[in-house]
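Chemist: My questions are about this predicted structure, shown below with the sequence.
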Amino acid sequence: MERFTISLDKALAREFDDLIAARGYSNRSEAVRDLIRGAIASDSQNDPPSGHCVAALSYVFNHHERELAERLTGMQHDHHDLTVAAMHSHLDHENCLETVILKGRAAQVRQFAGALIAERGVRHGQLNLIALQAEHHHAHDDQGEEHVHYRPAR
């Protein structure tokens with residue numbers, strides 16, 4: 001058995017203890033093991049599509065968290081090739097909801113979304129990914145430069 005330590009704020013720990021009691025776990029360790037097993041099973045059932053995709057990445061963060069808003073914006077700028085648009089909404093005096101529209105190769109989109117969600121202070125991150133398929137290649141301009149149109153995969 002391997003041990004590791006996690007830190008939770010008091011409110012989250014209290015909510016977790018309530019969940020443990022409601023589900024009948026005898027201790028936190030067994031509850032954490034089940035949560036991890038569930039996340040692994042869910043992830044394997046939702047294998048990312050290959051090829052291109054569009055995605056909506058939504059997350060909540062505390063804008064008072066030291067330099068977090070700047071780090072998140074910086075990450076989006078660093079991945080400007082994937083980032084199509086972002087919407088920012090103030091939920092209360094501390095928390096913001098941000099939704100970022102992404103487009104690109106599915107593996108790169110998932111990797112970027114995972115890195116953004118993993119930033120300290122980001123909570124409730126969720127990625128909704130839609131696979132795309134190439135529709136056709138053609139040129140729009142007089143120079144004959146071809147490009148690809150994508151549409152949602154069936």
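Modeler: Noted; the coordinates are in hand.
Chemist: Contacts for the lengthiest helix in the chain, please.
Modeler: With DSSP state H applied, the helix covering the greatest number of residues in the chain is identified as helix 28-45. Identification of contacts with helix 28-45 by Cβ atoms under 8 Å, 6 or more residues apart in numbering yields 6, 16-17, 19-20, 23, 25. Any C-beta I mention is one placed from the backbone N, CA and C, and that applies to glycine too.
Chemist: Can you name the residues bridging to Ser58?
Modeler: Beta-bridge pairing of Ser58 under DSSP bridges involves Thr99, Gln126.
Chemist: Burial check on it, number of neighbours?
Modeler: Ser58 is flanked by 16 other residues according to other Cβ atoms under 10 Å.
Chemist: now do Tyr59
Modeler: 21.
Chemist: For it, list the residues it contacts.
Modeler: 97-98, 116-117, 122-126.
Chemist: returning to that earlier point: let's have the contacts of helix 28-45 in JSON lines, adding distance to His77, neighbour count and secondary structure.
Modeler: Output for those, formatted as JSON lines (distance: Cβ to Cβ, whole Å; neighbours: other Cβ atoms under 10 Å; DSSP: H, G, I helix; E, B strand; the rest coil):
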{"residue": "Ile6", "distance to His77": "31", "neighbour count": "7", "secondary structure": "coil"}
{"residue": "Phe16", "distance to His77": "35", "neighbour count": "15", "secondary structure": "helix"}
{"residue": "Asp17", "distance to His77": "40", "neighbour count": "14", "secondary structure": "helix"}
{"residue": "Leu19", "distance to His77": "38", "neighbour count": "12", "secondary structure": "helix"}
{"residue": "Ile20", "distance to His77": "41", "neighbour count": "17", "secondary structure": "helix"}
{"residue": "Arg23", "distance to His77": "42", "neighbour count": "10", "secondary structure": "helix"}
{"residue": "Tyr25", "distance to His77": "43", "neighbour count": "16", "secondary structure": "coil"}
